[in-house]
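K.L.:
Need coordinates for the following:
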Amino acid sequence: MPSPFLTSLRSQCCFVVGLLLGVGNVAVAAPPASRSEGGPAQTVERWVLVKEQEWRQPPLKSVTPRMIDDLVAKELRESAPAALTTDERFIRRVSLDLTGQLPAPSDVTVFIASREADKRKALIDRLLESDAYARHWARFWRDVVSARITNRRSMGLTRSFEEWLFEQLRAGANWSEITRSILTAEGELQFTLNTPTSKNGALFFLVAHDGDEAEERAAETSRVFMGIQIQCAQCHDHHTEKWTRNQFHEFAAYFARIKFEQLFIDKKLSGVQLVTLADREHRMATLADPDKFTLIQPRFIDGQSPGVKLGDRERRQALADAVVDDKNHWFAAAYVNRVWGELMGRPFYRHVDDLGPLKEVIFPEVLTTLTRSFQGTNHDIKAMFRLILNTDAYQRQTVRANHAPFAAASTTRLRADVVWDSLVHVLGKVEIGARFHTGSGVRFSGSFLEGKFRAEFDFDPSLDPEDVKGTIPQALFLMNNPILSKHIQAAKASMLVGLLKECPDNSDAINKLYMLALARRPSERELKRCLAHVAETGVRAEGFEDLLWALINSTEFQRKR
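P.N.:
Numbering: from 1, shown residues only. Next comes the predicted model:
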């Protein structure tokens, strides 16, 4: 184990090396400039409102990537879009987007060498059929939901929620089926800290909130599944939207008859169960006198009532029906807007979960066409991914200058799960583990390092991409964390030894290291500087350890480009 002084000294050395390599600054820095050629001219963004009838104008059927590209080109007008990205860049980008994992160096080599005309389409299809795809997007939606929970004691249930989502996505469930299962969930959900299970994991969404349970469930249902921040009307009519206070509480009334209770085994918390209260109704405090209340019956945001004298199960089934119905275009639009934003680096709306009739959008015809296509495929998740990923709009290069929306690829920070998996991909499986206690006395098992890493690098996936920035503590964690440093030493004794033995020529070894860490070959300039650094160290293994350290601390390693 190196001393703190040596660790700090090496960190400073690697910081300088990272700058020399030209792969981007350390993680706290701004996104590096791309090496792509040229770029589109910057244009003024056109923000417009989408009228109600415009949502219904595109045909209710699946469309082709070419149709989407034609609509994007129509919006760009005189702005020339960037050229398509290279095969090398594409395989890394689409692998991270679909699976959250870096492609294996051998896969990159084979993909680049292939002369098949539809090899990008075939790669997308192959990745969509992998378990890694289902796992990655299960984690994504787990984070979308868990980032806003108020019942922190339910965090131990997120693993069951993730496992349930994983099984749904692997089985090819569509988005309306997944949503319906979540909104109508019943029964018990057990803590499974050591052996995650999917059993009734859909219940997590409903038990993740305490306090004003009906109000919070209504707010999150609206935000996650319709992209509407209706909770802003909880205390007064919305100032910038059409939603009224009465509408919010009518929506909350769908959840009036449920609450959760904790389960215990031998006086230890073991899980939660959803309890139905047959006669409870939602009450809205009157503005004139907060001590007086009005009983509120359920009613959807379009004004439709599910009927009277319904039990809890029938109420929530009616809510699920109304949410996923094609007449409610917000359901499909919210999914399209969020997935497009995740893949393209920015959504159509200013904020990924703040849609509404009075919210402006960019490229409205693209949004409405994608929304109708999603509805036309019965909310087929994989079909939507195939549609977006096969467009030229998705497959464009990044550029140096600011560019018109969707005229070039945007760089975005990778989520904590993805960066961690990338570290494991490069360094090998992290075997350094420990059991530790939380403040509440709950014991968790597994990698203590992984838990610390996720706590440091996690962010809410609903944040605007420009608000997700690297921090100094994150940079110091990668450079100076003693446990990670110990693992780097272990990697030196295994992965690097094998790589250097396999590649006696330094140029070949550098190429392989770049392919492993960044899924690309070094530029001539980078190769020259790497060779010079290895020569200057005088000890080949130490020189390559510095290169490895610099690559995993580079901005490029932690970003999608």
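K.L.:
just the strands in the stretch 201-350 of the chain please.
P.N.:
258-265, 268-276, 282-285, 293-296 (DSSP state E, counting those that start in this stretch).
K.L.:
Next: the chain.
P.N.:
188-190, 258-265, 268-276, 282-285, 293-296, 412-413, 436-437, 443-444, 559-560 (DSSP state E).
K.L.:
picking up where we left off before, where among the strands of the stretch 201-350 of the chain is the average confidence lowest?
P.N.:
Lowest mean pLDDT within the strands of the stretch 201-350 of the chain: strand 282-285, a mean of 79.
K.L.:
That strand: how far from the chain's middle?
P.N.:
In terms of CA atoms, centre = their mean, to the nearest Å, the centre of strand 282-285 is set 36 Å apart from its chain centre.
K.L.:
what does it contact?
P.N.:
214, 245-246, 249, 252-253, 255-256, 291-296, 298 (CB atoms under 8 Å, 6 or more residues apart in numbering). Where you see a C-beta, it was placed from the backbone N, CA and C, and this is true even at glycine.
K.L.:
which among those residues end up buried?
P.N.:
214, 245, 249, 252, 253, 255, 256, 296, 298 (16 or more other CB atoms under 10 Å).
K.L.:
what's near enough to touch the spatially most central residue of the chain?
P.N.:
Against the mean C-alpha coordinate of the chain, by CA atoms, centre = their mean, the closest residue is residue 140 at 4.3 Å. Residue 140 sits next to 342, 415, 461 when contact means CB under 8 Å, 6+ apart.
K.L.:
If we use 7 Å, what do you get?
P.N.:
By CB atoms under 7 Å, 6 or more residues apart in numbering, the contact list for residue 140 reads residue 461.
K.L.:
Okay, it and residue 228: tell me how far apart.
P.N.:
Per CB to CB, to the nearest Å, residue 140 is found 20 Å from residue 228.
K.L.:
swap in residue 383?
P.N.:
Here residue 383 is placed at a distance of 24 Å from residue 228 (CB to CB).
K.L.:
higher neighbour count, the two?
P.N.:
Between residue 383 and residue 228, residue 228 has the larger neighbour count (other CB atoms under 10 Å), namely 25 against 17.
K.L.:
For the residue nearest to residue 223 when sequence neighbours are not counted, grab the count of nearby residues.
P.N.:
In space, and not counting its chain neighbours, residue 223 is closest to residue 353: 5.0 Å by CB to CB, 6 or more residues apart in numbering. Using other CB under 10 Å, residue 353 has 23 other residues around it.
K.L.:
give me the low-pLDDT residue ranges for the stretch 101-250 of the chain?
P.N.:
193-194, 210-212, 233-241 (pLDDT under 70).
K.L.:
in it, which spans are helices?
P.N.:
105-113, 119-128, 131-146, 158-170, 175-183, 204-207, 213-226, 245-252 (DSSP state H, counting those that start in this stretch).
K.L.:
mean confidence for stretch 406-413?
P.N.:
Mean pLDDT, stretch 406-413: 94.
K.L.:
how far does that stretch sit from the chain's center?
P.N.:
15 Å.
K.L.:
And for stretch 75-93?
P.N.:
22 Å.
K.L.:
quick one: low-confidence parts of the stretch 401-550 of the chain?
P.N.:
For the stretch 401-550 of the chain, the stretches flagged by pLDDT under 70 are 430-448, 488, 491-492.
K.L.:
quick one: the helices in it?
P.N.:
Under DSSP H, counting those that start in this stretch, the stretch 401-550 of the chain gives helices at 416-427, 448-457, 472-480, 482-491, 497-502, 506-518, 524-537, 540-552.
K.L.:
helices or strands next to the last one in the packing?
P.N.:
Spelled out, it's helix 540-552. Judged by 3 or more CB pairs under 7 Å, 6 or more residues apart in numbering; DSSP states H and E, helix 540-552 is in contact with helix 4-21, helix 497-502, helix 506-518, helix 524-537.
K.L.:
Apply 10 Å and report the result again.
P.N.:
helix 4-21, helix 416-427, helix 472-480, helix 482-491, helix 497-502, helix 506-518, helix 524-537 (3 or more CB pairs under 10 Å, 6 or more residues apart in numbering; DSSP states H and E).
K.L.:
Could you dump the ones you listed into CSV with distance to residue 95 and mean neighbour count added?
P.N.:
Shown next, in CSV, are the helices and strands packed on helix 540-552 (distance: least, CB to CB, whole Å; neighbours: other CB atoms under 10 Å):
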stretch, distance to residue 95, mean neighbour count
helix 4-21, 22, 17
helix 416-427, 10, 20
helix 472-480, 21, 18
helix 482-491, 22, 17
helix 497-502, 21, 13
helix 506-518, 12, 20
helix 524-537, 22, 16
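K.L.:
Out of the ones you listed, the one nearest residue 170 is which?
P.N.:
Minimum separation from residue 170 across those (CB to CB) falls at helix 416-427, 17.1 Å.
K.L.:
pretty sure residue 386 is touching residue 126, no?
P.N.:
No: with contact defined as CB atoms under 10 Å, residue 386 does not count as touching residue 126 (11.8 Å).
K.L.:
Save the strands of the chain as JSON lines, and put in distance to residue 208 too.
P.N.:
What follows is these, written out as JSON lines (distance: least, CB to CB, whole Å):
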{"stretch": "strand 188-190", "distance to residue 208": "10"}
{"stretch": "strand 258-265", "distance to residue 208": "9"}
{"stretch": "strand 268-276", "distance to residue 208": "10"}
{"stretch": "strand 282-285", "distance to residue 208": "19"}
{"stretch": "strand 293-296", "distance to residue 208": "23"}
{"stretch": "strand 412-413", "distance to residue 208": "25"}
{"stretch": "strand 436-437", "distance to residue 208": "23"}
{"stretch": "strand 443-444", "distance to residue 208": "19"}
{"stretch": "strand 559-560", "distance to residue 208": "28"}
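K.L.:
So for residue 121, which of those sits nearest?
P.N.:
Closest among these, using CB to CB: strand 559-560, at 20.0 Å.
K.L.:
Looking at residue 386 and residue 126 now, which is surrounded by more residues?
P.N.:
residue 386 (18 against 12).
K.L.:
and that one, what does it touch?
P.N.:
62, 65, 121, 124, 125, 128, 377, 380 (CB atoms under 10 Å, 6 or more residues apart in numbering).
K.L.:
Also residue 461?
P.N.:
Per CB under 10 Å, 6+ apart, neighbours of residue 461: 139-144, 147, 338, 341-342, 352-353, 415, 468.
K.L.:
and what of residue 139?
P.N.:
Taking CB under 10 Å, 6+ apart, one finds 100, 158, 162, 165, 166, 415, 416, 417, 418, 421, 461 in contact with residue 139.
K.L.:
try 7 Å this time
P.N.:
So residue 139 contacts 162, 417 (CB under 7 Å, 6+ apart).
K.L.:
any idea how far it is from residue 313?
P.N.:
30 Å.
K.L.:
cool, residue 419 as well?
P.N.:
Residue 419 is 42 Å from residue 313, by CB to CB.
K.L.:
Count the residues that sit near residue 359.
P.N.:
Residue 359 has 19 neighbouring residues, counting by other CB under 10 Å.
K.L.:
ah, wrong one, I meant residue 152
P.N.:
By other CB under 10 Å, neighbour count at residue 152 equals 10.
K.L.:
now do residue 460
P.N.:
13.
K.L.:
Ramachandran coordinates for the closest residue to it other than its chain neighbours?
P.N.:
Spatial nearest neighbour of residue 460, excluding adjacent residues (CB to CB, 6+ apart): residue 147 at 4.0 Å. The phi/psi pair for residue 147 (degrees, to the nearest 10) reads phi -70, psi -20.
K.L.:
can I get the CA coordinates of stretch 526-536 in CSV?
P.N.:
What follows is stretch 526-536 as a C-alpha-only set of coordinates in CSV (Å, rounded to 0.1, in the frame of the first residue of the first chain):
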residue,chain,number,x,y,z
GLU,A,526,-1.4,10.8,-28.0
LEU,A,527,0.7,7.8,-29.0
LYS,A,528,3.8,10.0,-29.3
ARG,A,529,3.3,11.5,-25.9
CYS,A,530,2.6,8.2,-24.2
LEU,A,531,5.7,6.7,-25.7
ALA,A,532,7.7,9.6,-24.5
HIS,A,533,6.3,9.3,-21.0
VAL,A,534,7.1,5.6,-20.7
ALA,A,535,10.6,6.2,-21.9
GLU,A,536,11.1,9.0,-19.4
